[in-house]
Structure formats: structure tokens, C-alpha cells
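Undergrad: sequence first, predicted model second:
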Number of protein chains: 2
Amino acid sequence: MDEIGIGEVVRRSGVPASTLRYYEERGLITCVRRQGLARVFSVAVLEQLALIGVCRTAGFSLEEILLMFSPDGRPSPNREMLAAKADELDATIRKLALMRDDLRHAAACPAPTHMECPTFRRVLGQA
Amino acid sequence: MDEIGIGEVVRRSGVPASTLRYYEERGLITCVRRQGLARVFSVAVLEQLALIGVCRTAGFSLEEILLMFSPDGRPSPNREMLAAKADELDATIRKLALMRDDLRHAAACPAPTHMECPTFRRVLGQA
DNA sequence: GTCCTACTTCAAGTCGGCTTGAGGTCAAGT
DNA sequence: ACTTGACCTCAAGCCGACTTGAAGTAGGAC
């Protein structure tokens, strides 16, 4: 069966029902049909939710996600925007990688004069 | 001079004065002294702001940043937490890197059946 | 001395992203 | 027939992170 109820979606995605309804209202996801009042989703919604989750982690707003992907999970035909978002993401990733390194360094380095440590200061120059 | 007024901080950091006051109220930054009512900051606040900015980009809340770094910008002595945050960040970075690749792929790949494309689906398995 | 400009406080408002609660629907079980 | 449980709608509320606005202050130029 590739059709599931909202409870199943909650169970398998970890996303609360209230959020699913909200996402639907915002046009981020859609249910294939209704069975009485109850929403019936395609299992594909699980992938779409995963996608939305990653985008949210990446710092994109629901509005941006809506622009990047149609509610069926397909990327927007606007290639320029997708490429631009990829570049944005690339910049973010580089900053985060520096910060990760610095956090690790901070966790290891006992120096109280940490702000003077060149390893730590790299990240600040980047931002 | 390593002491600057709030206007100078705004000019050099791009962070609005209202936000600076809010950050001070939340304990994220401090001014070295007051001159009358006016805050006087050390230039070091610019680095702290950069740090806060990166942390925000990384998805950390002000509360978390407060726990990770004292208002002088030094990392928390809680090494375990810093290491944990680094790991968190690492996982985030990996997801974002996949997503970046996928966005680039989506920008290039004309297939409408994009959700079926293995390149694109990788990211979803990760999340 | 008074005007300007840069600053201040404090309370209230805004915005995104949900969550909560009251009250209703519907199919299945006893 | 009635209860239970899973679902529904719709309006209101909440939280984090700020922003805005009204009213005040402090120092310098004229």
C-alpha cells in the first residue's frame, strides 16, 4: 500500500500532525485525497518531508522552500534560483565547517586567551 | 582607540543598534562602560558579533550561543558541550553538502521525474 | 541658552513557525 | 445504540528574535 493516513505519516516522519496540516495549508505538501474528512497521503510525502527538513536545517524559510520545490517535491523549473541557493548553501557550509573546526579546537584547547588563538580567529574573518 | 560607540559598532558590523541592545540584554555581549547613558564597546565586540552571526547561521539559538560562549567571546569551559555541538554541526554540514549537490544537480538536470533520480534521492535517505 | 545629533529606556508590536483547545465527524467494536 | 479513537476545522495562543515608537538625556556647535 502506498497510501497512508496522517497518523502513519507522524509515526514514520516524526513530524507532528499539527505541523503536517500547517504545511499543507502553506502549500508545501498535499494529500492525494480525503477519506471522509481524513487526509490520505502518498508515501512519497515522507520524502518531501525529509526534503523540507533538510531545507529548514539549511536555514531556508517555508516561503523559500515553496519557491524551490513544488508540493510534489519536484524542484522548481527556475534553474537560476536553484543554482543561487546552491551557492548560498556553499557559503554557509564553508562558514559552518570553519566553526565546527573551531568548536573542536575550543573543546581541546585549554588556553583562556582563546580569542587570541589564530585557529579560532579564522572563522571571524570569514563572517 | 579600541573603544567605540554603538554607532561605530553598527557601521562596522552591520548589526542594528536595537539588536545590539537586545543582545546585551540577553547577556550575549557587554559594553566596557557607559559614558553618561551611552554604551561604550570594546572593538572586540565586533569579533563577538561575527561569532554570534556564524552561530545563528549554524542554527543555534541565542540561548545555545550563551551556553557555548561567555559574553567576552570565550568558549564555555564545558568541553563536552562544545564537542557535542561540533558533532551536531558536522552532521548538519554533511546534509547541507548533499543538498547543495542536489540543488546544483536539479538546476542542471532537466528530468521532470526528479524524485526518481538517484542523485537527488541520496539526501533524503540521510535525513 | 537652545538646537542638533547621537544616544538612551521601556513597553508594545511584528513575523515566522508552529501548537493548543474547543467542538465536530466518522468508522469500527461491543 | 453508544462509546471509543482517530481524525477534522478554525481561531487563538505562544515563542524566539527582533523592531518600532514615544519620550527622555547628554554633549557639542552656534
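TA: Cool, got the structure.

Undergrad: buried ones in the longest helix seen in chain A?
TA: Determined from DSSP state H, the single longest helix within chain A is helix A:79-108. By 16 or more other CB atoms under 10 Å in any protein chain shown, the buried positions in helix A:79-108 come out as A:81-82, A:85-86, A:88-89, A:92-93, A:95-107. (Each C-beta comes from the backbone N, C-alpha and C, glycine too.)

Undergrad: same thing with stretch A:27-44?
TA: A:28-31, A:39-42.

Undergrad: quick check: the farthest pair among the residues you listed?
TA: Greatest spatial distance among the buried residues of stretch A:27-44 (CB to CB): A:L28 and A:V40, at 17.2 Å.

Undergrad: for chain A, what spans make up the strands?
TA: Using DSSP state E, the strands of chain A run over residues A:3-5, A:33-35, A:38-42.

Undergrad: Throw these into a markdown table and include mean pLDDT, thanks.
TA: Shown next, in a markdown table, are those (pLDDT from 0 to 100):
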| stretch | mean pLDDT |
| --- | --- |
| strand A:3-5 | 98 |
| strand A:33-35 | 97 |
| strand A:38-42 | 98 |
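
Undergrad: check contacts around A:L82.
TA: Listed by CB atoms under 8 Å, 6 or more residues apart in numbering or on different chains, the contact set of A:L82 reads A:68, A:75-76, B:103-104, B:106-107.

Undergrad: and if we set it to 7 Å?
TA: By CB atoms under 7 Å, 6 or more residues apart in numbering or on different chains, the contact list for A:L82 reads A:68, A:75-76, B:103, B:106-107.

Undergrad: circling back to that earlier point, ok, of the buried residues of stretch A:27-44, which one's closest to DNA strand D?
TA: Minimum distance to DNA strand D across the buried residues of stretch A:27-44 is 3.2 Å, recorded for A:R39 (CB to the nearest atom of the strand).

Undergrad: leaving out the residues flanking it, which one is nearest to that closest one?
TA: Leaving out its chain neighbours, the residue that sits closest to A:R39 by CB to CB, 6 or more residues apart in numbering or on different chains is A:C31, at 3.9 Å.

Undergrad: before we move on, the earlier item: would you list the strands of chain A in CSV and tack on distance to B:C55?
TA: Shown next, in CSV, are these (distance: least, CB to CB, whole Å):
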stretch, distance to B:C55
strand A:3-5, 38
strand A:33-35, 43
strand A:38-42, 36
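
Undergrad: could you dump the ones you listed into TSV with distance to DNA strand C added?
TA: Shown next, in TSV, are the strands of chain A (distance: least, CB to the nearest atom of the strand, whole Å):
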stretch	distance to DNA strand C
strand A:3-5	11
strand A:33-35	7
strand A:38-42	7
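
Undergrad: in the contacts of A:L82, which has the lowest confidence score?
TA: Minimum pLDDT across the contacts of A:L82 is recorded for A:S76, with 79.

Undergrad: which residues of chain A lie near DNA strand D?
TA: Proximity of chain A to DNA strand D (CB under 7 Å from any atom of the strand) is limited to residues A:5-8, A:10, A:17, A:21, A:37-39.

Undergrad: let's see that with 6 Å instead.
TA: Taking CB under 6 Å from any atom of the strand, the part of chain A that reaches DNA strand D is made up of A:5-7, A:17, A:21, A:37-39.

Undergrad: distance from stretch A:90-106 to the middle of the chain?
TA: Averaged C-alpha coordinates place stretch A:90-106 at 18 Å from its chain's average position (CA atoms, centre = their mean, to the nearest Å).
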